[in-house]
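Trainee: build me a structure from this.
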Amino acid sequence: MNNAPAPAIEVRNLRKSYRELDALDGVSLTLEAGRIYGLLGRNGAGKTTLMSILTGQGFPSSGEALIFGHSPYENDEILAKICFIRESQKYPDDFNARQAFKAAALFFANWDQDLADRLVTDFALPMKRSIKKLSRGQLSAVGVIIGMAARAEVTFFDEPYLGLDAVARQIFYDRLLEDFALYPRTIVLSSHLIDEIANLLEHVVVIDKGRIMLDEDAESLRGSAVAVTGSREKVDSFINGHQVLHRDSMGSLASVTIKARLGETERAMAAELGLELSAVPLQQLVVRTTMAGLQNDNNESVEVLK
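Mentor: Numbers count the residues shown, from 1 in each chain. Below is the predicted model of the structure:
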């Protein structure tokens, strides 16, 4: 008998269709407890649809979405373990921030008021001003404070921090890591600001057109692709047999991004050929992987030079 605990999140062949559009197209993934995940992809890729189903705010056309082995839909016990903060978070118009936090404290069993108070100071949030009179950045601060102070077992952040300026976003990232180190839980960050959150992530999931394009540990992704730049003829010779994610050419020069981990021998060979090798940031890797997937959708095979 298997007594292993259920994953924090498990999705099995999940589909969500709106008339002729498949917002989710056979999505399957498993997210273990106690890690920070990045759910990345373009607008309309299916990220919010997936999170809405996982938080019981929507239901699939087919397949399963489980939190700790149970469906969250109309399941109060499971929903009490989930916090879902989105950019368009809604609050009663007559609420101020203090009232919003009091309401959250009643719902979330692990609510930490001391943390909430500290974050209020960090974000310089006016507590008595009504929610409807807050700036976009202040409204974002209300959301991220609730998301962190709730300390829910599973927390989804659907880009609520986009309204924050660069300094405030860095405060959010720093405080999130500090608190996660003390109180590990499952955190899913959805964001377009991929390079900003790259150092927070332990695992990366990329979704596009409702399908999973990438599902890998962040550590294994680092160094998994490289950009090769130099004479087009020498570049083509060097990348022979490697999967090509992207190519730029100008005259006799070429810059090609390949999916490869290059060893010392290959790096020495590149140096001999006068080629420049450069690491591919996570954001570029996500973009290149998505574009390669689009090429496949257009019945073009992923390029492998031979």
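Trainee: where does this structure dip in pLDDT?
Mentor: 1-3, 292-306 (pLDDT under 70).
Trainee: domains in it, as residue ranges please.
Mentor: Split into domains by automatic domain parsing, the chain comes to 9-220, 223-297.
Trainee: just the strands in the stretch 201-306 of the chain please.
Mentor: 203-208, 211-217, 225-231, 243-250, 253-259, 276-279 (DSSP state E, counting those that start in this stretch).
Trainee: hey, which of these is tucked in deepest?
Mentor: Mean neighbours per residue, mean count of other Cβ atoms under 10 Å, is largest over the strands of the stretch 201-306 of the chain for strand 203-208, with a mean of 23. No exception for glycine: its C-beta is placed from N, CA and C like everyone else's.
Trainee: show me what it is packed against.
Mentor: Secondary-structure packing of strand 203-208 (3 or more Cβ pairs under 8 Å, 6 or more residues apart in numbering; DSSP states H and E): strand 21-31, strand 36-40, strand 211-217, helix 218-221, helix 282-297.
Trainee: for the first one, which strands pair with it and how are they oriented?
Mentor: Spelled out, that is strand 21-31. Listed by DSSP bridges, the sheet partners of strand 21-31 and their directions read strand 9-18 (antiparallel).
Trainee: likewise for the second one?
Mentor: Take DSSP bridges as the rule and strand 36-40 pairs in its sheet with strand 186-190 (parallel), strand 203-208 (parallel).
Trainee: right, and the helix or strand after that strand?
Mentor: helix 47-54 (DSSP states H and E).
Trainee: who's in contact with that next one?
Mentor: 9, 11, 14, 16, 23-24, 27, 39-41, 58-60, 65, 67, 72, 82, 84, 86, 156, 158, 188, 190, 207, 210 (Cβ atoms under 8 Å, 6 or more residues apart in numbering).
Trainee: helices of the stretch 51-200 of the chain, residue ranges please.
Mentor: Assigned by DSSP state H, counting those that start in this stretch, the stretch 51-200 of the chain shows helices spanning 76-79, 97-107, 113-122, 136-149, 166-182, 194-197.
Trainee: deepest of the ones you listed, which one?
Mentor: Most buried among these, counting by mean count of other Cβ under 10 Å: helix 136-149, with a mean of 23.
Trainee: between helix 113-122 and it, find me the angle.
Mentor: 160 degrees (axes from the mean of the first three to the mean of the last three Cα atoms, to 10 degrees).
Trainee: against which helices or strands is helix 136-149 packed?
Mentor: Secondary-structure packing of helix 136-149 (3+ Cβ pairs under 8 Å, 6+ apart): strand 82-86, helix 97-107, helix 113-122, strand 154-158, helix 166-182.
Trainee: and the third one, what does it pack onto?
Mentor: Meaning helix 113-122. Right, helix 113-122 is packed against helix 97-107, helix 136-149, helix 166-182 by 3+ Cβ pairs under 8 Å, 6+ apart.
Trainee: can I get the second one in CSV, CA atoms only?
Mentor: What that stands for is helix 136-149. Extracted in CSV, the C-alpha atoms of helix 136-149 (Å, rounded to 0.1, in the frame of the first residue of the first chain):
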residue,chain,number,x,y,z
ARG,A,136,-3.1,50.6,-9.0
GLY,A,137,0.2,50.0,-7.1
GLN,A,138,-1.5,50.3,-3.7
LEU,A,139,-4.2,47.9,-4.8
SER,A,140,-1.5,45.5,-5.9
ALA,A,141,0.1,45.8,-2.5
VAL,A,142,-3.1,44.8,-0.8
GLY,A,143,-3.2,41.6,-2.8
VAL,A,144,0.4,40.6,-2.3
ILE,A,145,0.1,41.3,1.5
ILE,A,146,-2.9,39.0,1.7
GLY,A,147,-1.2,36.4,-0.4
MET,A,148,1.9,36.3,1.8
ALA,A,149,0.3,36.9,5.3
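Trainee: minimum distance to S249: which of the helices of the stretch 51-200 of the chain has it?
Mentor: Closest approach to S249 among the helices of the stretch 51-200 of the chain (Cβ to Cβ): helix 194-197, 25.4 Å.
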